[in-house]
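Trainee: Kindly return the folded structure for what I paste below:
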Amino acid sequence: MGLNGTGFHSHGSPEDARVPGPPHRLQPWYKAYLAALFEPDRKIIAERVRKAKNLIVDRSRALRYIRPQVAEQRALENALNALRALASCMKT
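Mentor: Residues are numbered from 1 along each chain as shown. Prediction:
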């Protein structure tokens, strides 16, 4: 049943894999954002940041014309701020 006897699900159970996260995590911008954040090759980071920023800006514009997605809009703003910080750190 997935319960560990305490009334809570144990970590790493097969049931955890079925629990969906926020839908925006399936968006291309989110995948590009993570790729930029976790890129180990310093020579590639700037290009990954540029690509992720472009996808974030495009998605932000698209969200203006559809039903408000507050969680995704907040995630987009946070991601853009994180990428700006990463780019700033790479310059020094």
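
Trainee: a strand runs through G21, doesn't it?
Mentor: No. Per DSSP: H, G, I helix; E, B strand; the rest coil, G21 lies outside any strand segment and is coil.

Trainee: L55 reaches A35, doesn't it?
Mentor: No. The pair L55 / A35 is not scored as a contact, 10.4 Å apart, by C-beta atoms under 8 Å. C-beta: built from backbone N, CA, C; applies to glycine.

Trainee: In terms of neighbours, single out the busier of those two.
Mentor: Remark: of L55 and A35, L55 carries more neighbours, 19 against 15, as counted by other C-beta atoms under 10 Å.

Trainee: how about the nearest residue to the more buried one, chain neighbours excluded?
Mentor: Spatial nearest neighbour of L55, excluding adjacent residues (C-beta to C-beta, 6 or more residues apart in numbering): W29 at 3.8 Å.

Trainee: contacting residues for the one you found?
Mentor: A52, L55, I56, D58, R59, L76, A79 (C-beta atoms under 8 Å, 6 or more residues apart in numbering).

Trainee: If we use 7 Å, what do you get?
Mentor: By C-beta atoms under 7 Å, 6 or more residues apart in numbering, the contact set of W29 is A52, L55, I56, R59.

Trainee: So for stretch 46-61, what gets flagged as buried?
Mentor: R48, V49, K51, A52, K53, L55, I56, R59 (16 or more other C-beta atoms under 10 Å).

Trainee: What of stretch 68-84?
Mentor: Result for stretch 68-84 [16+ other C-beta under 10 Å]: buried residues Q69, E72, A75, L76, A79, L80, L83.

Trainee: Noted, bye for now.
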